[in-house]
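Sequence and predicted structure are below.
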Amino acid sequence: MSKPVTGRCFCGAVRFEFDHAPIAVRACWCRDCQYLATGNASVNAIFRTEGFNVTGEVGEYVSTAESGNIMRRRFCPRCGTHLFSQSSARPELMVVRVGALDDREVGGPQSVIWTKSAPSWGFVDRDLPHSAGQPASIPRK
């Protein structure tokens with residue numbers, strides 16, 4: 001077993017842990033993530049849901065993403081910190097906002113997605129693999 005990866009919301013009412021490292025980390029410029037990341041790309045670590053544990057109450061917002069997938073986004077109802085989301089297309093995976101991780105050095109982005117939605121001033125690292133929309137698969141670490 002690898003070292004656990006832990007995180008929490010801003011106020012500490014919600015804490016979570018994965019018993020494994022993320023399988024991928026990527027930056028996302030989809031319009032939904034721009035709302036959640038205050039106009040920037042969100043940086044997300046992707047974990048298997050197996051080995052996940054959360055304590056504290058989480059709120060949930062369900063919406064349909066531009067990809068057509070149903071997204072279940074979870075957040076702390078006390079401080080509003082967005083924590084994680086799951087897609088109907090990949091329920092075995094959990095997307096976690098890297099800013100909510102205790103150790104944000106777990107990994108920087110390995111790819112950039114939804115670049116077609118980035119504003120003209122948005123930074124897209126052209127040295128990383130990137131896609132205009134939703135990639136067909138998640139790159140493995």
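Sure thing, it's come through. Being a predicted model, the structure only gives us computed values, none of them experimental.

Wait, Arg78 touches Arg8, no?
No - with contact defined as Cβ atoms under 8 Å, Arg78 does not count as touching Arg8 (11.6 Å). C-betas here are computed from N, CA, C, even on glycine.

Compare neighbour counts for the two and give me the winner.
Arg8 (19 against 15; other Cβ atoms under 10 Å).

residue contacts, the more buried one?
By Cβ atoms under 8 Å, 6 or more residues apart in numbering, the residues touching Arg8 are 14-16, 100, 102.

follow-up on the earlier one: any residues in contact with both of Arg78 and Arg8?
Contact criterion Cβ under 8 Å, 6+ apart; residues bridging Arg78 and Arg8 by contacting each: Val14.

so who does Ala100 touch?
7-9, 16, 81-84.

Quick one, grab the pLDDT at Ser117.
Listed pLDDT for Ser117 reads 88.

and what of Met1?
51.

where along this structure do the helices fall?
According to DSSP state H, the chain carries its helices in the segments 31-36.

hmm, back to that, ok, the contacts of Ala100 vs Val124, which is closest?
His82 (21.8 Å; Cβ to Cβ).

Quick check: beta-bridge partners of that closest one?
His82 forms beta bridges with Phe75, as assigned by DSSP bridges.

repeat for Val43
Those that pair with Val43 in a beta bridge, by DSSP bridges, are Ala27.

That one and Val98 touch, don't they?
Yes - shown here, Val43 and Val98 form a contact pair, counting by Cβ under 8 Å, at 4.4 Å.

Give the residues shared as contacts by these two.
With Cβ under 8 Å, 6+ apart as the test, Val43 and Val98 both reach Val25.

List the buried residues for the worst-scoring helix or strand of the chain on mean pLDDT?
Ranking every helix and strand in the chain by mean pLDDT, DSSP states H and E puts helix 31-36 at the bottom, with a mean of 87. Buried residues in helix 31-36, counting neighbours by 16 or more other Cβ atoms under 10 Å, are found at 32-34, 36.
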